[in-house]
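Asks: sequence plus the predicted model coming up.
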Amino acid sequence: MVEAVTMQMFETISCGIDQICQPDKNAIEELFEIKDFVLHKLKDEKASPIFQLQKYFPKIYKTLHGKEYCKMQDCVVTNLKKGVETGLYRPGIDIEFISKIYYSCVHALKDKNVFSDESYNFRMMEELYLDYHVRAISTTKGLQVLEKITNKS
């Protein structure tokens, strides 16, 4: 039952992400919409069952982690290519490297030894990291899109 619920949640989030990733959206808007969608679906990260899965259901956790990695890699690689093609991200960026760094950093945000609940809330950290990520890879055109998005928030 735990595995069924876990995989159902993964599929729900994956389908939602797929719906966001449309050709008519620019790459930066897409990243922010995905972030908002995932944070809404996961609601309160403090009560995240991921740590319980890892401790009490390691096989389910390993399966979920693998599926999550593949989905996130595909999504980030596609987003990076789209951003380069549309002039929002710098040409010549190492897409494979950046996609792996992105995945690693998103997971590092959940490390309570580094980011304690008292100092940082997960939503704020996601915002800060996404801003950092986009600024690192954007062209001037991309930075203008980022400024419009972040000024709305």
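Replies: On my side now, so go ahead.

Asks: only C-alpha atoms for contact and neighbour calcs from this point on.
Replies: Will do.

Asks: tell me which stretches of the chain form helices.
Replies: Counting by DSSP state H, the chain has helices at residues 2-20, 27-42, 50-56, 58-85, 95-108, 122-137, 140-152.

Asks: which one of those has the lowest average pLDDT?
Replies: Note on the helices of the chain: lowest mean pLDDT is at helix 50-56, with a mean of 80.

Asks: got a list of contacts for that one?
Replies: With Cα atoms under 8 Å, 6 or more residues apart in numbering as the test, helix 50-56 has contacts from I60, Y61, K62.

Asks: skipping its backbone neighbours, what lies nearest T140 in space?
Replies: L88 (7.6 Å; Cα to Cα, 6 or more residues apart in numbering).

Asks: contacting residues for the one you found?
Replies: The contact partners of L88, taken as Cα under 8 Å, 6+ apart, are A27, I28, S138, T139, T140, K141, G142, L143.

Asks: 6 Å - rerun?
Replies: The contact partners of L88, by Cα atoms under 6 Å, 6 or more residues apart in numbering, come to S138, T139, K141, G142.

Asks: drop anything exposed from the residues you listed.
Replies: S138, T139, G142 (16 or more other Cα atoms under 10 Å).

Asks: correct me if wrong: the second one contacts R90.
Replies: Read that as T139. Yes. With contact defined as Cα atoms under 6 Å, T139 reaches R90; the gap is 5.2 Å.

Asks: where's the residue nearest the centre of the chain relative to E29, distance?
Replies: Note on the chain: the residue nearest the mean C-alpha position is K35, at 5.8 Å, using Cα atoms, centre = their mean. Using Cα to Cα, to the nearest Å, we find K35 at a distance of 10 Å from E29.
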